[in-house]
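In: With the sequence up front, the predicted model follows.
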Amino acid sequence: MDDTAVRLTGLTRRFGAVRAVDNLDLTIARGTTLALLGPNGAGKTTAISIMLGLTPPDAGTVSLFGRSPAEAVRAGLVGAMLQDSGVVPGATVREVIELARALYPRPLATDRILATAGLTDRADRRWDRLSGGEAQRARFAFALAGAPDLLVLDEPTAAMDVAARQAFWAAIQRYAAEGHTVLFSTHHLHEADEFADRVVVLAAGRVVADGPPAEIRGLAGGRTVAFDLAGATADGLERLPGVRSVAVRGDRVVLCTDDADATVLALAADRGFRNLEVSAALETAFLTLTATGTEH
Ligand SMILES: Nc1ncnc2c1ncn2[C@@H]1O[C@H](COP(=O)(O)OP(=O)(O)OP(=O)(O)O)[C@@H](O)[C@H]1O
């Protein structure tokens, strides 16, 4: 049996001048829990939407368990929990779950779905009267209905409080431990770090980093040091202490460093600079990683 759950090749999707997804290649082995991590607008939702066959790509191909998205969804191989999915007015949680089960050839038992999603005591509540966190868990239950081999979750914990998040991740981990493949998107490095075995960082529609959580944490845990060269040369910056990467855009330089203090001290001793900024923002690190200027 092919052990590949997801294979995306050369996926591209533009909206006007924006390349929401830009030549994305991604292969996910069965049984992996993968976090798609990236700042707002990185292309996570668009990539997921293409993967599920909801948005057509301008270029590229999607294969889920060797099938097209539509075939895989129809066969119950894929369950998805999307942002802002609608509700059936007036129906209870149990009724909506029953409705979802009827769509699939080999659904999970209703009680199992409710228990997995932590909704057993909310089964007879109207779906449209659930709290934000409960509604998220109800969407998760809906995604589980077909007993999917691949669970796709787009920013699943957005509306949840701390207790709801914990219960939710415990449920996801149980599902993953049964050998299922889970793909979730998030802005939160700590969620990716804690719950994924592989983290793919997207920025401007491209993969800028891909690896185990510890590796990605190391990458994002440093600082960025930005400054204007003010006529000085960019040569040799990569040899300053702590520096991992150097991006030059016009006169502006952005360094990624593990030790900002040492980098700045050495920089000051070495050459002039202006408009120094030291930042820990993950988003800045993402931007640095996607900088298109001169890369070293
Ligand atoms: N239907 C659309 N029409 C026009 N532009 C779009 C559309 N959908 C997405 N975009 C643009 O494509 C880019 C990627 O958006 P996308 O929603 O995929 O990112 P994201 O990583 O999911 O962001 P977020 O974390 O904010 O949900 C953004 O610049 C967005 O404005």
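Out: Looks like it arrived, so ask away. Residues are numbered from 1 along each chain as shown.

In: what about stretch 54-65, how long is it end to end?
Out: 17 Å (Cα to Cα, to the nearest Å).

In: which other residues reach it?
Out: 2, 4-14, 21, 23-24, 46, 49-51, 53, 68-69, 72, 77-78, 149-150 (Cβ atoms under 8 Å, 6 or more residues apart in numbering). C-betas here are computed from N, CA, C, even on glycine.

In: That stretch vs the ligand: in contact?
Out: No. Counting by Cβ under 6 Å from any ligand atom, the ligand is not contacted by stretch 54-65; separation bottoms out at 8.0 Å.

In: beta partners of the residue nearest to the spatial centre of the chain?
Out: Nearest residue to the geometric centre of the chain (Cα atoms, centre = their mean): L36, 2.0 Å. Counting by DSSP bridges, L36 forms beta bridges with S185, V200.

In: Name all residues that make contact with it.
Out: K44, A47, I48, L183, F184, S185, T186, V200, L202 are the contacts of L36 under Cβ under 8 Å, 6+ apart.

In: picking up where we left off before, I'd like to know which of the contacts of stretch 54-65 are part of strands.
Out: 4-14, 21, 23-24, 78, 150 (DSSP state E).

In: before we move on, back to that, now render the contacts of L36 as CSV, adding pLDDT.
Out: CSV is the format used below for these (pLDDT from 0 to 100):
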residue, pLDDT
K44, 94
A47, 96
I48, 95
L183, 97
F184, 96
S185, 94
T186, 89
V200, 93
L202, 89
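
In: ok, and of those, which contact the ligand?
Out: Near the ligand, by the rule Cβ under 6 Å from any ligand atom, you find K44 out of the contacts of L36.

In: okay if I get the contacts of L36 as a markdown table plus neighbour count?
Out: Shown next, in a markdown table, are those (neighbours: other Cβ atoms under 10 Å):
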| residue | neighbour count |
| --- | --- |
| K44 | 25 |
| A47 | 29 |
| I48 | 23 |
| L183 | 26 |
| F184 | 25 |
| S185 | 25 |
| T186 | 23 |
| V200 | 24 |
| L202 | 27 |
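
In: same for the ligand: which of the contacts of stretch 54-65 are within range?
Out: T46.

In: Any quick ChimeraX command for the buried ones out of the contacts of stretch 54-65?
Out: A single ChimeraX command selects the buried members of the contacts of stretch 54-65 (16 or more other Cβ atoms under 10 Å):
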select :5,6,7,8,11,12,13,21,24,46,49,50,51,53,69,72,77,78,149,150
